[in-house]
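**Q** Sequence and predicted structure, then a few things I'm wondering about:
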Amino acid sequence: MQLKALLFDVDGTLADTEDAHRIAFNTAFAEFGHDWHWDRDLYTRLLAVTGGQARIRFFLEGAGMEMLDNETVADMHKCKTKHYVAALQEGRVPLRPGVEELISDAREEGLILAIATTTTPVNVQTLLENTLGAESLDWFKVIGAGDCVDNLKPAPDVYLWVLDRLQLAAGECLALEDSANGLKAATAANVQTVVTSCPYTAHHDFAGALAVFDKFDGKVNVDSLKKLHNTL
Ligand code: XBP
Ligand code: MG
């Protein structure tokens with residue numbers, strides 16, 4: 001089957017966003033009067049759960065703390081999103097080296113681009129606007145984010161949602177992911193996946209990936225992706 005589309009994850013794949021997410025969570029906790037601090041080690045473990053609100057609940061459970069009601073968690077997460085978006089607007093989160101070139105080459109080659117992420121939609125929009133420019137939002141034919149589906153990764157839902165809107169078969173697409181949960185989600189939707197791990201996910205189990213790299217630059221480009229897809 002011909003490769004027609006690239007489906008990009010956002011966090012950890014397009015950009016190393018997780019430290020900015022982590023810092024935004026910590027700022028929100030302080031604003032809500034809590035002295036909770038998520039350091040890198042703890043956050044690495046908390047990334048087992050996707051979605052910011054679920055991650056806050058997972059933390060409370062793991063720490064044996066009293067569970068907050070849904071409204072409080074949602075408000076705290078809204079505050080976190082505000083701080084995260086501000087970091088993106090200040091240009092503190094660049095794309096990973098090689099990503100801009102890959103996107104530009106893929107467009108020139110006529111490949112369809114889409115996004116399949118579990119993050120909050122405004123995060124995707126703001127990252128794209130502040131890295132590739134406002135017009136880049138139109139380069140992605142479909143943007144599937146955490147608000148589009150009930151079940152976040154590792155469930156396949158966001159990939160199935162994106163495939164449905166693209167009207168493409170899974171075999172006509174490749175997913176680009178950085179994490180085991182992302183790989184599981186794409187694989188469960190029958191989309192073959194190329195992993196480019198990031199510092200927070202380098203230790204994950206990527207069994208089942210079409211290929212695993214630790215960076216895009218010099219390794220992941222349209223030619224290498226087409227070759228990998230041809231081997232299927
Ligand atoms: C990303 C996530 C998100 C972000 C935080 O996973 O799990 O929760 O860490 O964003 P993936 P929100 O890269 O697999 O899509 O706080 O907006 O959820
Ligand atoms: Mg990711």
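**A** Great, that's in hand. Ligands and ions are numbered 1, 2, ... in the order given.

**Q** Write out the residues of the protein neighbouring ligand 1.
**A** Residues of the chain lying close to ligand 1 (Cβ under 6 Å from any ligand atom) are 9-12, 21, 50-52, 81, 117-120, 123, 146, 153, 179, 181-182. (C-beta placed from N, C-alpha, C; glycine too.)

**Q** The residue lying closest to Ala114 once chain neighbours are set aside: what's it in contact with?
**A** Excluding its sequence neighbours, the residue lying closest to Ala114 (Cβ to Cβ, 6 or more residues apart in numbering) is Val142, at 4.3 Å. The contact partners of Val142, taken as Cβ atoms under 8 Å, 6 or more residues apart in numbering, are Ala114, Ile115, Val162, Arg165, Leu166.

**Q** Which ChimeraX command selects the buried ones in the residues you listed?
**A** Command for ChimeraX, covering only those of the contacts of Val142 found buried under the criterion 16 or more other Cβ atoms under 10 Å:
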select :114,115,162,166
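
**Q** give the contact list for the closest residue in space to Asp214 that isn't next to it in sequence.
**A** In space, and not counting its chain neighbours, Asp214 is closest to Ser197: 5.4 Å by Cβ to Cβ, 6+ apart. Neighbouring residues of Ser197 by Cβ under 8 Å, 6+ apart: Asp178, Ser179, His204, Phe206, Val212, Phe213, Asp214.

**Q** if I look at Ser197, how far off is Arg22?
**A** For Ser197, the distance to Arg22 (Cβ to Cβ, to the nearest Å) stands at 18 Å.

**Q** Now do the buried residues in stretch 53-67.
**A** By 16+ other Cβ under 10 Å, the buried positions in stretch 53-67 come out as Gln53, Ala54, Arg55, Ile56, Arg57, Phe58, Phe59.

**Q** One more: stretch 95-103?
**A** Going by 16+ other Cβ under 10 Å, stretch 95-103 has these buried residues: Leu95, Arg96, Gly98, Val99, Glu100, Leu102, Ile103.

**Q** Do a quick rundown of the strands in this structure.
**A** Per DSSP state E, the chain carries strands over the ranges 5-8, 112-116, 140-144, 173-177, 192-196, 211-213.

**Q** Buried deepest among these, which one?
**A** The highest mean neighbour count among the strands of the chain belongs to strand 173-177 (a mean of 27), with neighbours defined as mean count of other Cβ atoms under 10 Å.

**Q** Would you work out how far apart the start and end of stretch 44-58 are?
**A** Distances were taken as Cα to Cα, to the nearest Å; on that basis the terminal residues of stretch 44-58 are 13 Å apart.

**Q** Which of the contacts of Ser197 are buried, as a ChimeraX select command?
**A** Isolation of the buried members of those (16+ other Cβ under 10 Å) is achieved in ChimeraX through the command below:
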select :178,179,204,206,213
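
**Q** Make CSV out of the contacts of Ser197 and add pLDDT.
**A** Formatted as CSV, the entries for the contacts of Ser197 read as follows, by pLDDT from 0 to 100:
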residue, pLDDT
Asp178, 98
Ser179, 98
His204, 97
Phe206, 98
Val212, 98
Phe213, 97
Asp214, 96
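
**Q** Thanks a lot, see you next time.
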